[in-house]
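In: Task: produce atomic coordinates for the following.
(chains A and B)
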Amino acid sequence: MSLATTQATAAIQPAPRARRWPARPGEVVAFALVALFLLVFLVVPVVTVVTVAFQDRATGGFTLAHVGDFLANDLFRTSFLNSLYVSLMSVVVASLIALPLAYFTTRFEFRGALLVQTLGVLPLIMPPFAGAVAMTLLFGRTGSVNLLLGDAFDINIPFMEGLNGVIFVQSVHYFPFILLNLTASLKNIDRAMEESAQNLGAHGFRLFRRIVLPLAMPGYVAGASLVFIKVFDDLATPLLLNVREMLAPQAYLRITSVGLEDPIGYVISVVLILFSVLSLWVSSLALRGKDYATVQRGGGGLARRRMSRGQAVAAYALILLILALVLAPHVGLFLLSIATIWSFAPLPDGYTMAHYGRVFAESSQFITNTLLYAGLAGLIDVILGTTIAYLVLRARMAGARWLDYAAMSALAVPGLVLGIGYLRTFFGITLPDGTSLAAFWGVIVLALAVRRLPYALRACTAALQQVSASLEEAAENLGARRLRVVRRIMLPLMAGGIAAGFVTSFATAAVELSATLMLVQSSNDAPLAYGLYVFMQSPAGRGAGAALGIVAVVIVGLSTFLSHLIAERGGGRRSA
Amino acid sequence: MSRAAEVRFERVWKRFGAGNVAVRDVSFTVPAGTLCTLLGPSGCGKTTTLRMIAGLEYPSEGRVLIGGRDVSALPPAERDVSMVFQSYALFPHMTVLENVCYGLTVSRRPKREAMGAGRAALESVGLAGFEARLPSELSGGQQQRVAVARALVLEPSVLLFDEPLSNLDARLRRKMREEIRDLQQRLGVTVVYVTHDQAEALAISDKIIVMNQAVIAQEGTPRELYASPASAFVAGFVGEANRIPARLRRLDDVDAEVSIGEARLVLPHRGLPDGPAELALRPEAIALLGPADPAAMLEGAVSKAAYLGGVIEYTVATPLGEIFVVSSSAGSAPGAGDAVGLSFGRHGAALLPGSREAP
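Out: Model (predicted):
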């Protein structure tokens, strides 16, 4: 009835007809390609892992038997509790390092602020496992510190014994996440907030508890949950410290020693995913609706006070102690890379450049592979990132948001899990030359690309958001076709952001190990992080491993510096 | 520019998602070679209407015609319409000349010719010598001229302006609006101009279309809108108006006798029936008299007086409510608390046909 009426009116009044935003064919193709990529290289592998964890191997039906096996086994229960304990303790220790630093820099007139900012990024330019061996040499039972302490006071502190070692290495490496988030939220508190609270009669601890703490809390929780999940998922650090009774190492050992068919590795993967999702959820809960950017232009941060002489001395002492701690892995790794023999001694016996010679002569493929893999992964990431950002922000295509969500969900997939998923999914696919697709080096590139896509995507989205849409409309209005607008107006104006996204993806992919460890089939195809790991396994290879580690630090450090330069230059041009 | 084209909307709707109607069943015609303003408060649909002419939005229903041709579904590049954006939208990575020539470059005009036309356009807006600068090196007014030159160089049949003066200071705004009007007269081009500033609209338009809440509230010449606003909204948006309750009695087909308190006035009844009605009274059309003046139509007392240099603004409390009066500051001026009489005539008073609608 209603249909007939509609048709009748349509016949009388032919003019008005519904018209949608015309979807351009190119945009539809781009959407389909990105969706296909995410489906094949992210969704399918992860779903495969989850499926195997709950699948009866004989019948293919649903079963909780594997979960039961996991729970019934003492080793796995211990591993789970150990992982939980190590992650929580790492958050605690990292907080103990980060809180005083954040407090000093935001609360006091403090000349060391630049120093602390440097502290904030130094650990991040080094893969944590690279420092692990150096930390053993410095802080282990027979390491430099304990040898000196033993000589002087006859005491031995078990910094590196068992789980302590993992906690120590991880918190020294990951505390910047808490420091950066906390400092940012403290700086975003408007001084007027504090002043108005004081004006209303609050002061001292009450002021801190009711005003400063609640305003700074979201930043802290976001940073802390990030530290928690990074530690919980990490595979390489415990392995290098020879701690096996944790979840990620157990999953790795089961898959590599028992085989791809063993379901326990998959159950552990599911646990890792669950905790990743949980901590991301906690962090988003902390930040949701609490965008406490209360600064109203101009003056920001809490009122700074002058420190008394005594306070200043104490503050500097604490900061220098932390600086020493933070630099320990770098210094240790460097010493190791130029040491002839370093054992049972506070410092190496002699110095040599032979390790570098050996690395460049025999194992330069590790370096070239890393540059190639990380470069390709970064390239894939910015292409995908720019495309998704365009589809979401400009084409406003229905469903494009889902591409964004899917790409961001890679954050919740631990590298180990992605590696296992790739092995399982692509192992059965044979390439024309007879080898398995899972053994092809390109798969490592894809895994790295998927892992780093969220960073590049956010960078590209931010870059596109800063390009005013009216510029593109003006170009279209002047007669330019869509593709030309994208090429000549949009992309050039996004260039800085895209470059920053590339560098971030590249630098972090260059030192990624957990996915790589699962996927490397021959050392000819291995990237630097893998080579470093293999070298570090044997005492004889440590020097060369350390030299490789220093190369990694240099690569990442240079990239970080480069992205800083790009960001500075972009900022300069915008404000001009 | 003899190619000036008429712009015509036929029952155009624009919806953004469900339940969000930006433009509701709008029809109008902008005659070729005239300057027409779309005037209204923010969110009234005027910018969406303009963007549908440019092809930056597509109508959900209805037709948009330019020069008699249905362009409803055409992409912006094929419309022969140039737009000057509110933010100017100059390409920050191109020089001034590259910006101005962009439209010609895109349409593959030979480089020499494009450069020549670009230089001529820059000269016509008084910016010769600025060719090699970057937009970020220009002042707001200069950027605005570049944006105009960039739109002109394509010799479009319709020129669109989206609040082009809103980023300029008051003094420059007056100068630029005169230049835009001059340019339009000189070139004879059709201009559709969006603004929320009624003074700007009154000053430059051949025709004004007042929009409110996604529909056209009234269209007409500036004089028609000011003298006979169709509703309380238009009366209040185009100029200022006191709204006074009145009673109406029809005298013939055109006029009615209007009673305001004890006073009587003959005005066009504009289709209103006998009975209560509302009168819009312009503040500058009211004369302030002494308290016992026999010509006074209303008695009241000054409750506020604000001296603004050339004029004084009074708020006068009367039995019919507070009335806002603007009068010259020359001569003796009553102060707050003084009793005054008010008088007004046909000029500056109009019955409001739409007065029963919500304002």
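In: what about A:Leu96, which SS state?
Out: Assigned with DSSP: H, G, I helix; E, B strand; the rest coil, A:Leu96 falls in the helix class.
In: Sorry, slip of the keys, the one I care about is A:Arg244.
Out: Local secondary structure at A:Arg244 is given as coil here, using three-state DSSP.
In: Thought A:Arg254 was touching it, still the case?
Out: No: contact criterion C-beta atoms under 8 Å: A:Arg244 and A:Arg254 do not qualify, at 11.0 Å. Any C-beta I mention is one placed from the backbone N, CA and C, and that applies to glycine too.
In: Verify the assumption that B:Leu265 is located in a strand.
Out: Yes: under three-state DSSP, B:Leu265 falls within a strand.
In: On the strand side of things, show who it bridges to.
Out: B:Val258 (DSSP bridges).
In: That one: what's it in contact with?
Out: B:257-258, B:297, B:344-346, B:349 (C-beta atoms under 8 Å, 6 or more residues apart in numbering or on different chains).
In: Would you check which pair of those lies furthest apart?
Out: B:Glu257 and B:Phe344 (15.2 Å; C-beta to C-beta).
In: So between those two, which is more surrounded?
Out: In this view B:Glu257 and B:Phe344 are compared by other C-beta atoms under 10 Å in any protein chain shown, and B:Phe344 has more residues nearby, 22 against 15.
In: Got the phi and psi for B:Leu39?
Out: Phi and psi for B:Leu39, reported as degrees, to the nearest 10, are phi -120, psi 140.
In: excluding its backbone neighbours, what's nearest it?
Out: Spatial nearest neighbour of B:Leu39, excluding adjacent residues (C-beta to C-beta, 6 or more residues apart in numbering or on different chains): B:Ala201 at 4.4 Å.
In: from what I can see the one you found touches B:Thr37, true?
Out: Yes: if you go by C-beta under 8 Å, B:Ala201 and B:Thr37 touch, sitting 4.2 Å apart.
In: returning to what we had before: among the contacts of B:Leu265, which are in strands?
Out: Those of those mapping onto strands are B:257-258, B:349, per DSSP state E.
In: What is the nearest of the residues you listed to chain A?
Out: B:Ala349 (40.3 Å; C-beta to the nearest C-beta).
In: Show me where the stretch 251-359 of chain B has its strands.
Out: Using DSSP state E, counting those that start in this stretch, the strands of the stretch 251-359 of chain B run over residues B:255-260, B:263-268, B:275-281, B:287-289, B:298-307, B:311-318, B:321-328, B:339-343, B:349-351.
In: still on that earlier bit, the ones in strands among the contacts of B:Leu265 into CSV, with extra columns for pLDDT?
Out: Below are the ones in strands among the contacts of B:Leu265 laid out as CSV (pLDDT from 0 to 100):
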residue, pLDDT
B:Glu257, 91
B:Val258, 91
B:Ala349, 90
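In: Looking at those, spot the one nearest B:Leu74.
Out: Using C-beta to C-beta, the shortest approach to B:Leu74 within these belongs to B:Ala349, at 46.8 Å.
In: which strand residues sit across from the closest one in the sheet?
Out: Here B:Ala349 sits in beta bridges with B:Leu281, going by DSSP bridges.
In: Pull the number of nearby residues for it.
Out: Using other C-beta under 10 Å, B:Ala349 has 22 neighbouring residues.
In: list the contacts for it?
Out: So B:Ala349 contacts B:265, B:267, B:279-282, B:285 (C-beta under 8 Å, 6+ apart).
In: B:Phe344 reaches B:Met297, doesn't it?
Out: Yes: counting by C-beta under 8 Å, B:Met297 is a contact partner of B:Phe344 at 6.7 Å.
In: any idea which helix or strand comes after whichever strand or helix holds A:Leu226?
Out: If you go by DSSP states H and E, A:Leu226 is part of helix A:213-233. Downstream of helix A:213-233, the next assigned helix or strand under DSSP H and E is helix A:236-240.
In: Could I get the buried residue list for that next one?
Out: By 16 or more other C-beta atoms under 10 Å in any protein chain shown, the buried positions in helix A:236-240 come out as A:236-240.
In: What is the nearest of the residues you listed to chain B?
Out: Using C-beta to the nearest C-beta, the buried residues of helix A:236-240 come closest to chain B at A:Ala236, 43.2 Å.
In: ok and the strand or helix carrying B:Arg243 relative to strand B:321-328, angle-wise?
Out: Using DSSP H and E, B:Arg243 sits within strand B:242-250. Going by axes from the mean of the first three to the mean of the last three C-alpha atoms, to 10 degrees, strand B:242-250 is angled at 110 degrees with respect to strand B:321-328.
In: Show me which of A:Arg244 and A:Arg254 is the more surrounded one.
Out: A:Arg254 (20 against 14).
In: show me the contacts for the more buried one.
Out: Counted by C-beta under 8 Å, 6+ apart, A:Arg254 has contacts A:262, A:264-265, A:268.
In: how about 6 Å then?
Out: Taking C-beta atoms under 6 Å, 6 or more residues apart in numbering or on different chains, we find A:Arg254 in contact with A:262, A:264-265.
In: Of those residues, which is the most crowded?
Out: Counting neighbours by other C-beta under 10 Å, the top entry in the contacts of A:Arg254 is A:Gly265, with 28 neighbours.
In: isn't there a helix covering A:Thr59?
Out: No: assignment of A:Thr59 by three-state DSSP gives coil, placing it outside any helix.
In: how deep is it tucked in, by neighbour count?
Out: Around A:Thr59 there are 8 residues (other C-beta under 10 Å).
In: Equivalent analysis for B:Glu6, please.
Out: 17.
In: Now it: phi and psi?
Out: Taking degrees, to the nearest 10, you get phi -80, psi 140 for the backbone angles of B:Glu6.
In: Could you list the residues of chain B in contact with chain A?
Out: B:11, B:54, B:56, B:58, B:61-63, B:76-77, B:83, B:85, B:87, B:89, B:93, B:102-103, B:106-107, B:136 (C-beta under 6 Å from any C-beta of the partner chain).
In: go again using 7 Å as the cut-off
Out: Residues of chain B lying near chain A by C-beta under 7 Å from any C-beta of the partner chain: B:10-11, B:54, B:56, B:58-63, B:72-73, B:76-77, B:82-83, B:85, B:87, B:89, B:91, B:93, B:102-103, B:106-107, B:136, B:154.
In: Counting only strands, which of those residues make the cut?
Out: B:10-11, B:61-63, B:82-83.
In: Counting neighbours, which of these end up buried?
Out: B:10, B:61-63, B:82-83.
In: Farthest pair within these?
Out: Within those, B:Glu61 and B:Ser82 form the most distant pair, 26.2 Å apart (C-beta to C-beta).
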